[in-house]
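1. sequence and predicted structure, then a few things I'm wondering about:
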Amino acid sequence: MKGLAKYKGHTGSLILRILVILCTVISIAVLAWLLIFILYKGIPNFNLGLFEWKYTSKNNSMMPAIINTITITVCALLVSIPLGVGSAIYLTEYSKRGSRLVKVIRMTTETLSGIPSIVYGLFGFLMFNETLGLGYSLLSGILTVALMVQPTIMRTSEEAILSVPDLYREGSFGLGAGRLRTVFRIVLPSAMPGIAAGIVLATGRIVGETAALIFTSGTSSNMAGLMDSGRTLAVHMYTLWNEGLDMEPAYATGVVLLVLVVLINAASNALAKRLSVKK
């Protein structure tokens, strides 16, 4: 009651605070219920057969899907990070600020960020599977999700670079450093925590993607090479759930997927904090 006393005579502020607190409580409650439900349904269904190297209809092993997930995620980031960060560097450091071209590129990038993943899947299927003749393969899926997450990496990297004070650049130029050295020695290290946050978002989207990968990399249950069809953890869980015959392994896969995302976020946050301290 003491905390609400300061809002006496400010009814609108009091109502707004109550609404904010209510929304926060509801969000936390929904998240907690979701986590408890996944863990309650999934943990009892774990067994050693789920982690065998070869998938069969009896063990429903998720190990091939785990390996495929790691392969697609790492390779897609290797493609999208240089393109996304490089584009952000050009827009912020080399192009004329406020130009129409920059505004058009930003608007286009934001539009691409909002396109549903299934549209990217259809594009990837027509472009990589059919036109380039890659067929259902991990490579086709890698290129598709790399295009899908590049706008996210590009926009977050651009905002992170723009947040670096111009005094840093002016000081570097005043000491005789060129633009390229200034960008890679001064600007990028200062913007690295923000860039890392964008990479985290992109990684989470790749790990949880299903629609785009079903159309491009396929749903084969085997451990795949770059030119072979293979499913990720999310596609594996969707396939088991869609068949309706193996619900228990689907719940267990959901737990592994949840743990994988949490570990990625925790590692990325730790890296971002370390980079911030070094800065």
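-> Thanks, I have it.
2. quick one, what contacts the residue nearest the centre of the chain?
-> Nearest to the geometric centre of the chain sits residue 202, at 2.4 Å (CA atoms, centre = their mean). Taking CB atoms under 8 Å, 6 or more residues apart in numbering, we find residue 202 in contact with 77, 80, 84, 149, 152-153. Backbone N, C-alpha and C define where each C-beta goes, glycine included.
3. now swap in residue 260 and tell me
-> Applying CB under 8 Å, 6+ apart to residue 260 gives the contacts 69, 207, 233.
4. and the helix or strand where it lies, what's its mean pLDDT?
-> According to DSSP states H and E, residue 260 maps onto helix 247-278. For helix 247-278, mean pLDDT rounds to 75.
5. how far does it sit from its chain's centre?
-> 11 Å (CA atoms, centre = their mean, to the nearest Å).
6. cool, and stretch 87-103?
-> 24 Å.
7. what's the span of that stretch, first residue to last?
-> 13 Å (CA to CA, to the nearest Å).
8. give me the buried positions along it.
-> 87-89, 91-93, 102 (16 or more other CB atoms under 10 Å).
9. find the pair from those residues with maximum spatial separation.
-> Checked with CB to CB, the buried residues of stretch 87-103 reach their widest spread between 89 and 102, with 12.7 Å between them.
10. and this protein, what are its domains?
-> Annotated domains of the chain cover 2-45, 50-278 [automatic domain parsing].
11. average pLDDT for the shortest one?
-> Looking back up the chat, that one is domain 2-45. In this model, domain 2-45 has a mean pLDDT of 80.
12. sorry, back to before: any of the contacts of residue 260 buried? List them.
-> Counted by 16+ other CB under 10 Å, these give 69, 207, 233 as buried.
13. would you confirm that the second one contacts residue 233?
-> Looking back up the chat, that one is residue 207. Yes. Counting by CB atoms under 8 Å, residue 233 is a contact partner of residue 207 at 7.2 Å.
14. so what sits against both of the two?
-> By CB under 8 Å, 6+ apart, the residues touching both residue 207 and residue 233 are 69, 257, 260.
15. with distance to residue 37 as added columns, please give those residues in CSV.
-> Below are the shared contacts of residue 207 and residue 233 laid out as CSV (distance: CB to CB, whole Å):
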residue, distance to residue 37
69, 22
257, 14
260, 18
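16. ok, of those, which one's closest to residue 39?
-> Lowest distance from residue 39 to those (CB to CB) belongs to residue 257, with 12.2 Å.
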